[in-house]
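Q: Give me a 3D structure for the following:
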Amino acid sequence: MKVERLSTGCKALDDMLGGGIEKDTLTNVYGPPGCGKTTLCLQTAVSCIEEDKKVVFIDTEGGFSRERLDQISSDDSEGILDEIILIEPDAFEKQKENVERLDKICEKKDVGLIVLDSLVTLYRLELNDGNTRKINSMLAKQLSKLSNLSRKREIPVLITNQIYSDIENGGVELVSRDIAKYQSKCLIEMKKFEKGKRIMIMRKHRSKPEGKEVQILITENGLEKPDKSFSFL
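A: Numbering: from 1, shown residues only. Here you go, the predicted model:
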């Protein structure tokens, strides 16, 4: 059976994914601040709208930018904004409530993509020494609802995640750790280098090889495939 996919608008990434993000699952993109995660979300949203579908965009960190949308889109951004249901929760409890009402939104609107950028901004603000289990449980339930909704309605869910340095094991670790890893059928790491150079690495996928990577450039127009491979020297 052919797997339906939604283009991210970035050819290099689409090629690595076999055509785009899968429409019945949760895709999790993680990396450092400023690496291009929100740009990827906006670019994928534009791609979805070009398929005559609406986008639910949950912005927890104020990254949604009409100016950036103008740069990425070749069409009138005013019309594109009409197709985006923008939700801006200011607390983790509000994020939870909005995730819980997504099914009703999708029932009324012709939604083709759900974006949660970022999954963990408000989650981190709630964590303290005494409530970790409770907050982690709330996060796990949100991810479970998003995953179930994606399968039920065949709507791709794109979430972004933050990282921290894992001193004990070396490298980096997702802020949400195994909670998001378990529910995400596709995990993509973004690495940031100078002059707009980026690498995207497949860390988990249900049909593509892990460890595969592509080079991209972050430009005024969004994430683009470079004309030729670049070095980091």
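
Q: mind saving the C-alpha coords of the longest helix seen in the chain as PDB?
A: Taking DSSP state H as the criterion, the chain has its longest helix at helix 132-153. What follows is helix 132-153, C-alpha atoms only, in PDB (Å, rounded to 0.1, in the frame of the first residue of the first chain):
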ATOM      1  CA  THR A 132       8.200  15.900  37.200                       C
ATOM      2  CA  ARG A 133       6.000  12.800  37.000                       C
ATOM      3  CA  LYS A 134       2.800  14.700  36.600                       C
ATOM      4  CA  ILE A 135       4.100  17.000  33.900                       C
ATOM      5  CA  ASN A 136       5.700  14.100  32.000                       C
ATOM      6  CA  SER A 137       2.400  12.300  32.200                       C
ATOM      7  CA  MET A 138       0.700  15.400  30.700                       C
ATOM      8  CA  LEU A 139       3.200  15.500  27.900                       C
ATOM      9  CA  ALA A 140       2.900  11.800  27.100                       C
ATOM     10  CA  LYS A 141      -0.900  12.100  26.900                       C
ATOM     11  CA  GLN A 142      -0.600  15.000  24.500                       C
ATOM     12  CA  LEU A 143       1.700  13.100  22.300                       C
ATOM     13  CA  SER A 144      -0.600  10.000  22.400                       C
ATOM     14  CA  LYS A 145      -3.600  12.200  21.400                       C
ATOM     15  CA  LEU A 146      -1.600  13.700  18.500                       C
ATOM     16  CA  SER A 147      -0.500  10.300  17.300                       C
ATOM     17  CA  ASN A 148      -4.000   8.800  17.500                       C
ATOM     18  CA  LEU A 149      -5.400  11.800  15.700                       C
ATOM     19  CA  SER A 150      -2.900  11.600  12.900                       C
ATOM     20  CA  ARG A 151      -3.700   7.900  12.300                       C
ATOM     21  CA  LYS A 152      -7.500   8.400  12.700                       C
ATOM     22  CA  ARG A 153      -7.700  11.300  10.200                       C
END
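
Q: What are the buried residues along that helix?
A: 135-136, 138-140, 142-143, 145-147, 149-150, 153 (16 or more other Cβ atoms under 10 Å). All C-beta atoms are positioned from the backbone trio N, CA, C, and that covers glycine.

Q: What residues of the helix or strand hosting I216 count as buried?
A: In this structure, I216 sits in strand 213-219 according to DSSP states H and E. Using 16+ other Cβ under 10 Å as the test for burial, strand 213-219 gives V214, Q215, I216, L217, I218.

Q: any idea how far that strand is from the chain center?
A: Relative to its chain's centre, strand 213-219 lies at 16 Å (Cα atoms, centre = their mean, to the nearest Å).

Q: and after that strand, which helix or strand comes next?
A: strand 222-224.

Q: what pairs with that next one, and is each one parallel or antiparallel?
A: strand 213-219 (antiparallel) (DSSP bridges).

Q: Let me see the mean pLDDT of the strand it pairs with.
A: The average pLDDT within strand 213-219 is 96.

Q: ok, and what's touching that strand?
A: The list of residues contacting strand 213-219 from outside it, by Cβ atoms under 8 Å, 6 or more residues apart in numbering, reads 10, 12-13, 15-16, 35-36, 39, 196-202, 223-226, 229-230.

Q: C-terminal to the host helix or strand of A45, what's the next element?
A: Taking DSSP H and E as the definition, A45 sits inside helix 37-49. Going down the chain from helix 37-49, the next helix or strand is strand 54-59, by DSSP H and E.

Q: Which neighbours in the sheet does that following strand have, and how are they oriented?
A: strand 84-87 (parallel), strand 111-117 (parallel).

Q: can you give me the angle that strand makes with helix 132-153?
A: Going by axes from the mean of the first three to the mean of the last three Cα atoms, to 10 degrees, strand 54-59 is angled at 170 degrees with respect to helix 132-153.
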